[in-house]
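**Q** Take a look and give me a structure for this.
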Amino acid sequence: LKSAFLANMSHEIRTPLNAIVGFSDVISTTYDELSEEERADFVRLISINSEHLVRLIDDILDLSKIESNTIKFTFTDCSLRSLMIDVEKEQTMKPISEIEIKASLPNEDVYINTDITRLKQVICNFINNARKFTEKGYIHFGYTVDSIHADSVHVFVEDTGSGIPQECQKEIFDRFYKVDTFKQGTGLGLSICKTIAEHLQGEISVTSKPGKGSCFTVTLPLDIKIND
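**A** Just a heads-up that it's a prediction; the model follows:
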């Protein structure tokens with residue numbers, strides 16, 4: 001799997017890099033000949049591919065830290081409502097016309113002791129994953145507190161995407177595994193999310209139906225107060 005991953009990486013990195021270099025060259029050599037709309041479109045494509053390249057490199061660096069056991073976590077008290085609002089602001093800066101992307105939040109704020117940067121990484125990874133497999137409908141994210149098991153909080157990302165076949169659901173958190181090999185990505189994102197969740201003393205899970213969508217959840221211990 002690692003050998004196949006390394007072979008695939010040259011393609012995965014070269015694709016967005018070629019787009020960035022190519023569109024940059026077009027803009028620099030034919031700037032005056034391009035319409036304003038064409039320039040804006042090329043800049044948008046450069047931005048999309050730059051983000052994709054950064055995510056690829058971040059995944060590789062995180063894998064390296066995990067393998068060498070040097071990944072660091074800093075725990076502080078944080079507001080889940082504030083975190084979700086921040087994520088929503090970032091995500092709405094990258095809108096998709098056919099998809100509603102928004103935070104779905106309860107009335108009460110919830111404070112937990114966690115590594116807010118790493119938790120945000122997991123949520124954004126789930127959302128970016130949902131973007132790949134959702135053509136229309138919505139991607140909603142937020143948190144809920146289980147009234148029965150009130151010692152934990154569920155942070156979720158739910159979409160109306162293509163869904164995941166039952167036989168693939170156990171393997172999607174394995175390293176280098178990709179449900180759709182034609183989709184961009186390293187096959188590392190969900191594995192890294194699982195490792196982060198475990199370091200946050202939580203658990204990661206998925207419920208999904210092909211053609212209906214998926215819901216990824218991180219269940220985290222709740223030993224801090226809940227504020228109304």
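**Q** Tell me which residues are up against stretch 37-50.
**A** 15-17, 19-20, 23-24, 26-27, 31, 34 (CB atoms under 8 Å, 6 or more residues apart in numbering). C-beta: built from backbone N, CA, C; applies to glycine.
**Q** Please repeat the previous calculation with a cut-off of 10 Å.
**A** When contacts are defined by CB atoms under 10 Å, 6 or more residues apart in numbering, stretch 37-50 is touched by residues 15-24, 26-27, 30-31, 34-35, 94, 184.
**Q** Can you mark which positions in it are buried?
**A** Within stretch 37-50, the residues that count as buried by 16 or more other CB atoms under 10 Å are 42, 46, 49.
**Q** what would those residues look like in TSV with pLDDT, distance to Asp174 and secondary structure?
**A** Output for the buried residues of stretch 37-50, formatted as TSV (pLDDT from 0 to 100; distance: CB to CB, whole Å; DSSP: H, G, I helix; E, B strand; the rest coil):
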residue	pLDDT	distance to Asp174	secondary structure
Phe42	92	37	helix
Ile46	92	33	helix
Asn49	88	27	helix
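**Q** is it possible to export those residues to JSON lines including distance to Asn69?
**A** Formatted as JSON lines, those follow (distance: CB to CB, whole Å):
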{"residue": "Phe42", "distance to Asn69": "42"}
{"residue": "Ile46", "distance to Asn69": "36"}
{"residue": "Asn49", "distance to Asn69": "32"}
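**Q** Could you report the neighbour count for Ile116?
**A** 19 (other CB atoms under 10 Å).
**Q** Setting aside sequence neighbours, what's the nearest residue to it?
**A** Cys78 (4.4 Å; CB to CB, 6 or more residues apart in numbering).
**Q** for Glu158, helix, strand, or coil?
**A** The three-state label for Glu158, taken from DSSP: H, G, I helix; E, B strand; the rest coil, comes out as strand.
**Q** Angles on the backbone of the nearest residue to it once chain neighbours are set aside, please.
**A** In this structure, Glu158 finds its nearest non-sequential neighbour in Cys215, 4.2 Å apart by CB to CB, 6+ apart. Note on Cys215: its backbone torsions stand at phi -140, psi 110 [degrees, to the nearest 10].
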